[in-house]
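Asks: next comes the sequence, and after it the predicted model I'd like to discuss.
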Amino acid sequence: MTLLPTHPNFKSHFTELLSRALNTFSNADLGINIEFARPKQASHGDYSCNLAMQLAKPLRQDPRTIATLLINAMPASPYLEKIEVAGAGFINLFLTISTKQQFPRIVLEERKEFGCSNFGTGKKIQVEFVSANPTGPLHVGHGRGAAFGASLANVLAATGFSVTREYYVNDAGRQMDILAVSTWLRYLELNDLAILFPTNAYQGEYVRNMAELIYKAHGNHYVRQHDLLTGDIASVRIKGEEDSEALLDQLIADTKNLLGEDYTYFHNFVLTEQLGDCRNDLMEFGVVFDTWFPEQALFEDGAVAHVIKLLEQKDYLYQKDGARWFRSSDFGDEKDRVVQRENGQFTYFASDIAYHLNKFQRGFVRIINVWGADHHGYILRVKGALQALALDSSKLEIVLVQFAVLYRDGVKAPMSTRSGEFVTLRELRQEVGNDAARFFYLLRKNDQHLDFDLDLAKSQHNDNPVYYVQYAHARVCSVLEQWGENLSILATADTAVLTSTVELSLLRKLIDYPEIVDAAARELSPHLITFYLKELAGEFHSYYNSTRFLVPEIPLRLARLSLIASIRQVLVNGLTLLGVSAPDKM
RNA sequence: GCCUUGGUAGCUCAGUGGAUAGAGCGACCCCCUCCUAAGGGGUAGGUCGCAAGUUCGAUUCUUGCCCAGGGCGCCA
């Protein structure tokens, strides 16, 4: 038996063998990718390759003949029991049983490292996600971005990338001004001043709470009397003002004038308050960032002005209707986009360009933005701006996450930001728990709409997938505790007695895990981990019911315990990537 | 109208250029003297939206059509 020093990468190993076989063909260089699949059916082997069928046409030969030639030309592998030609010309590879039986040991030796790889070769990569405006509590849509981004970053880190997790803080724009003004208006209310409160200002209860904090700390210090905001003129302005957004802009300008220096206090107060709340919320959710990148910095250090100047010099900007436009239609966008408004203010797009230039300057090899699906119209303009700056826009990968819709008692939960009527992430976490929330968010592909079933997430039944997986872990813990001996001897257990169908299937499942992590990283699809864990837990539960572990025969007992201990390790590793806990008892 | 994502079992959804298309739930029938029944086993259930094309081979890729969700601002 060949003792495996560590977990071999079977796919690359076999690719190497087959490509050497292929090279013995005189006309071998056909640019065909050698790929291995894992057949669904055990009788089709552990790995399957369709190379011969792909070669059939260019070589003008029968695929089964080519397959036979390839097999004969393949160097021997210590891992292989046999190689077969099957079906229309598949090359099916069968691992030796002893190779498979070494996996419990490998898992127990590598522990947390099992499933990790050096696929990323330490390349600097950035994952930017959530990046919600700090203008109110995070809602369940942000929660999905948070769960997805955090797990994606974990997966990329596990596969050898040097990952920076970043949150871009929109602390400079108009929305922050609206929040500051909204808070000031609520503050005036607390001082018994009759004022207008525009319908498109922030309506949420948290705005009143902030106003109250300021009122308690500073009394009427920030009260300003002005007929712009009270009495007849205010109502006239509301009635007469058709464009409510323009009214808000005016209100912001008025407030800045009235408060002068004190406006900064309001702005900073609401920013600090909301950002702190957001940070806590995410931290409790198990989502942490390496960098919180403030938009304000891009204005303060002149990066925005600089990038606008660059684009200007390259003739990608022009004036129209008093505003300044970027020629994004030159890059496939359906129309040009404003970078500087008529009132002189830069749009978010302007600072976004500066921000992305900054990302490139920081030397990331790959830049991944996780955006809500509603931003998909932004992709072309941002990439266009990068191209205009002569940067390689393919370094920027944008992953869109669709919205999540909550269902309670089979009925859609209301979701309207404008009215302030929405379920916050914090409420969701309190209702279903962090684990269920993290797991449920990754129950669907990112580009799929997610129906989040609150009742299911809360239920403690076998149909709740998060409990199903965690329960498998708890069951292993329980068995090992009853066994009560030192776990370290399991790594050296003789597993040659693991030969039943379910045991072989479980061994194969262990072998799958690193390939699943690898695929999740390549495809930026952490949900693959979720599906894998459900399957692994399912096979384990089946094993548990069919087979007794604590049997009298010691070698058999140790072998089975070794297997379930390694399953436990893989469950822990996978759950860790998802940010879900693995409780010992349930 | 344009962009985008979907349409796979009664429901919710995986999956894949290949071999007999999978899982969970629901339905029906079983399994605790036994390591946690928050579990397991079994039965039934399919024109992979429709049509053409590419291919040795298409549920998968292309195009068209039908249906559904989402997005299309000098908002972010």
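Replies: That came through, no problem.
Asks: which bits of the stretch 451-586 of chain A sit near RNA strand B?
Replies: Contact residues (Cβ under 7 Å from any atom of the strand) of the stretch 451-586 of chain A with RNA strand B: A:451, A:460-463, A:465, A:467-468, A:471, A:474-475, A:477-479, A:482, A:525, A:527-528, A:531, A:534, A:538, A:541-542, A:544-550, A:584-586. Just so you know, the C-beta spots here come from the backbone N, C-alpha and C atoms, and that holds for glycine as well.
Asks: buried among those? Need that as a selection in ChimeraX.
Replies: Provided next is the ChimeraX selection string for whichever of these are buried by 16 or more other Cβ atoms under 10 Å:
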select /A:465,467,468,471,474,475,477,479,525,527,528,531,534,541,544,549
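Asks: in helices, which of the residues of the stretch 451-586 of chain A next to RNA strand B fall?
Replies: Counted as lying in helices by DSSP state H, out of these, are A:465, A:467-468, A:471, A:474-475, A:477-479, A:482, A:527-528, A:531, A:534, A:538, A:541-542, A:544-546.
Asks: hmm, A:Arg508 is touching A:Lys100, no?
Replies: Yes - at 6.7 Å, A:Arg508 and A:Lys100 qualify as touching, with contact defined as Cβ atoms under 8 Å.
Asks: the two: which is more packed in?
Replies: A:Lys100 (21 against 16; other Cβ atoms under 10 Å).
Asks: tilt between the helix ranked longest in chain A and helix A:465-483?
Replies: As assigned by DSSP H, the longest helix anywhere in chain A is helix A:554-578. Angle of helix A:554-578 versus helix A:465-483, following axes from the mean of the first three to the mean of the last three Cα atoms, to 10 degrees, is 140 degrees.
Asks: for helix A:554-578, packing partners?
Replies: helix A:103-110, helix A:140-158, helix A:465-483, helix A:501-522, helix A:527-546 (3 or more Cβ pairs under 8 Å, 6 or more residues apart in numbering; DSSP states H and E).
Asks: so which of the ones you listed is nearest A:Leu406?
Replies: helix A:140-158 (6.0 Å; Cβ to Cβ).
Asks: just the C-alpha atoms of that closest one, please, in CSV.
Replies: Extracted C-alpha coordinates of helix A:140-158, given in CSV (Å, rounded to 0.1, in the frame of the first residue of the first chain):
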residue,chain,number,x,y,z
VAL,A,140,-32.4,41.6,5.3
GLY,A,141,-31.2,42.4,1.8
HIS,A,142,-27.9,43.6,3.2
GLY,A,143,-27.8,40.4,5.3
ARG,A,144,-27.6,38.3,2.2
GLY,A,145,-24.8,40.3,0.9
ALA,A,146,-23.0,40.1,4.2
ALA,A,147,-23.5,36.3,4.5
PHE,A,148,-22.5,35.7,0.9
GLY,A,149,-19.5,38.1,0.9
ALA,A,150,-18.1,36.8,4.2
SER,A,151,-18.3,33.2,3.2
LEU,A,152,-16.9,33.9,-0.3
ALA,A,153,-14.0,35.7,1.4
ASN,A,154,-13.5,32.7,3.7
VAL,A,155,-13.5,30.3,0.8
LEU,A,156,-11.0,32.4,-1.1
ALA,A,157,-8.8,32.6,1.9
ALA,A,158,-9.0,28.8,2.4
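Asks: that helix near RNA strand B at all?
Replies: No - for helix A:140-158, no contact with RNA strand B is found by Cβ under 7 Å from any atom of the strand; the gap never falls below 10.4 Å.
Asks: what about that helix, distance to the chain center?
Replies: Centroid separation for helix A:140-158 versus its chain: 3 Å, with Cα atoms, centre = their mean, to the nearest Å.
Asks: so the nearest residue to A:Asp262 once chain neighbours are set aside, which state does it fall into?
Replies: Nearest residue to A:Asp262, sequence neighbours excluded (Cβ to Cβ, 6 or more residues apart in numbering): A:Tyr222, at 5.7 Å. Each residue gets one of three states, and A:Tyr222 gets coil by DSSP: H, G, I helix; E, B strand; the rest coil.
Asks: phi and psi next, for A:Tyr222.
Replies: Dihedral pair for A:Tyr222: phi -100, psi 10, per degrees, to the nearest 10.
Asks: surely it meets A:Arg186?
Replies: No - here A:Tyr222 does not reach A:Arg186: they are 11.5 Å apart, not a contact under Cβ under 8 Å.
Asks: who in the stretch 301-450 of chain A is up against RNA strand B?
Replies: A:320-323, A:334, A:337-338, A:341-343, A:347-349, A:373-378, A:400, A:402-403, A:443-445, A:447-450.
Asks: if you set the cut-off to 6 Å instead, what comes out?
Replies: A:321-323, A:334, A:338, A:341-342, A:347-348, A:373-378, A:444-445, A:447-449 (Cβ under 6 Å from any atom of the strand).
Asks: got the contact list for the residue nearest to A:Asp262?
Replies: A:Trp184, A:Tyr187, A:Ile214, A:Leu259, A:Asp262, A:Tyr265, A:Phe266 (Cβ atoms under 8 Å, 6 or more residues apart in numbering).
Asks: just the C-alphas of stretch A:216-223, formatted as PDB.
Replies: Extracted C-alpha coordinates of stretch A:216-223, given in PDB (Å, rounded to 0.1, in the frame of the first residue of the first chain):
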ATOM      1  CA  LYS A 216     -30.700  64.900  26.100                       C
ATOM      2  CA  ALA A 217     -27.000  65.800  25.800                       C
ATOM      3  CA  HIS A 218     -27.300  69.300  24.500                       C
ATOM      4  CA  GLY A 219     -30.800  70.600  25.200                       C
ATOM      5  CA  ASN A 220     -31.800  73.300  22.800                       C
ATOM      6  CA  HIS A 221     -28.300  74.200  21.800                       C
ATOM      7  CA  TYR A 222     -28.900  73.400  18.200                       C
ATOM      8  CA  VAL A 223     -32.300  75.100  17.800                       C
END
